[in-house]
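Colleague: here you go, sequence then predicted model.
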Amino acid sequence: MAIKNQKEYFNETYKNWQEVSDEKTAIIDKIIKKLGISEGESLLDVASGTGVLYENLKDISLSKYVALDISENMLKELKKLYFEAKTICADFDEDIDLGEKFDFLVIFNSIPHFENLDTVFTNVYKHLKDRGTFAIAHSRTREKLKEHHRNIGYSLGRDAIPSDDTLLKLTRNYGFKECYIEDEEIFFFSCRK
Ligand SMILES: C[S@@+](CC[C@H](N)C(=O)[O-])C[C@H]1O[C@@H](n2cnc3c(N)ncnc32)[C@H](O)[C@@H]1O
């Protein structure tokens with residue numbers, strides 16, 4: 001199996017992504033704590049899906065939460081659950097300019113879907129405030145994700161989660177600092193502008 005068109009695929013399968021297990025909720029909680037997100041800060045949730053991150057963020061009193069996704073059906077579901085959330089339907093694999101900047105930009109459980117990491121990092125840099133934090137997090141480690149993809153017969157033809165080398169290079173090339181990578185229990189990468 002391979003996904004040919006992300007927008008079509010996720011518009012068709014949006015219902016499959018709504019259920020959030022207690023385990024996933026605990027992982028999201030851990031990620032939010034790791035990032036140290038606090039009241040008054042802003043966050044761009046890239047490839048938000050139906051808003052699984054926001055469920056754990058909504059009580060923090062962020063100054064701004066924006067959910068961005070390529071699938072309008074995912075965002076429609078998000079809006080049904082969280083009418084107050086701002087949503088943007090856009091392709092983060094293309095050069096975009098939202099005209100606003102955030103303290104945090106997070107890609108959760110979605111990095112395998114991005115083909116052009118140079119464009120992703122360019123978009124991230126453009127939309128982060130100075131000292132802002134970018135994070136790529138996944139509820140599975142690289143190895144566990146590979147195993148999962150093997151089990152479901154999903155083939156990408158590239159690393160589902162970029163290697164340490166690739167992430168270090170991108171961090172450097174795009175002028176970020178404080179690169180941190182963890183690949184135990186969950187996958188977590190972060191860097192700062
Ligand atoms: C596996 S789902 C995960 C969604 C959500 N983060 C979660 O954990 O439930 C991947 C998401 O990536 C979105 N996506 C895929 N390619 C994208 C792109 N190029 N730009 C923005 N969103 C994209 C899909 O529409 C989908 O909502």
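Modeller: Received the coordinates, thanks. Numbering: from 1, shown residues only.

Colleague: dead centre of this protein: give me the residue that sits there.
Modeller: Centroid check for the chain by Cα atoms, centre = their mean gives residue 107 as the closest residue, at 1.2 Å.

Colleague: spit out the contact partners of it.
Modeller: 46, 47, 114, 120, 135, 136, 137 (Cβ atoms under 8 Å, 6 or more residues apart in numbering). In this view, the C-beta of every residue, glycine as well, is placed from N, C-alpha and C.

Colleague: please apply the same query to residue 148.
Modeller: residue 140.

Colleague: and it, helix, strand or coil?
Modeller: helix (DSSP: H, G, I helix; E, B strand; the rest coil).

Colleague: same thing with residue 106?
Modeller: Under the three-state scheme (three-state DSSP), residue 106 adopts strand.

Colleague: so residue 53 sits right up against residue 46, yeah?
Modeller: No - counting by Cβ atoms under 8 Å, no contact exists between residue 53 and residue 46, whose distance comes to 10.0 Å.

Colleague: look at those two and report which has more neighbours.
Modeller: Looking at residue 53 and residue 46 with other Cβ atoms under 10 Å, you find the greater number of neighbours at residue 46, namely 26 against 20.

Colleague: just give the nearest non-adjacent residue to that one, would you?
Modeller: residue 107 (4.8 Å; Cβ to Cβ, 6 or more residues apart in numbering).

Colleague: list the beta-bridge partners for that neighbour.
Modeller: residue 46, residue 136 (DSSP bridges).

Colleague: element containing the residue of the chain found nearest the ligand, please.
Modeller: Nearest to the ligand in the chain, going by Cβ to the nearest ligand atom, is residue 49, at a distance of 2.6 Å. Residue 49 belongs to no helix or strand when elements are defined using DSSP states H and E.

Colleague: ok, and what's touching stretch 21-35?
Modeller: Counting by Cβ under 8 Å, 6+ apart, residues outside stretch 21-35 touching it are 52-53, 55-57, 60, 104, 106, 108, 133, 135, 137, 139, 186, 188, 190.

Colleague: let's go with 10 Å and repeat that
Modeller: 20, 37-38, 41, 43, 52-57, 60, 103-104, 106, 108-109, 133, 135, 137-140, 180, 182, 185-186, 188, 190 (Cβ atoms under 10 Å, 6 or more residues apart in numbering).

Colleague: no further questions, thank you.
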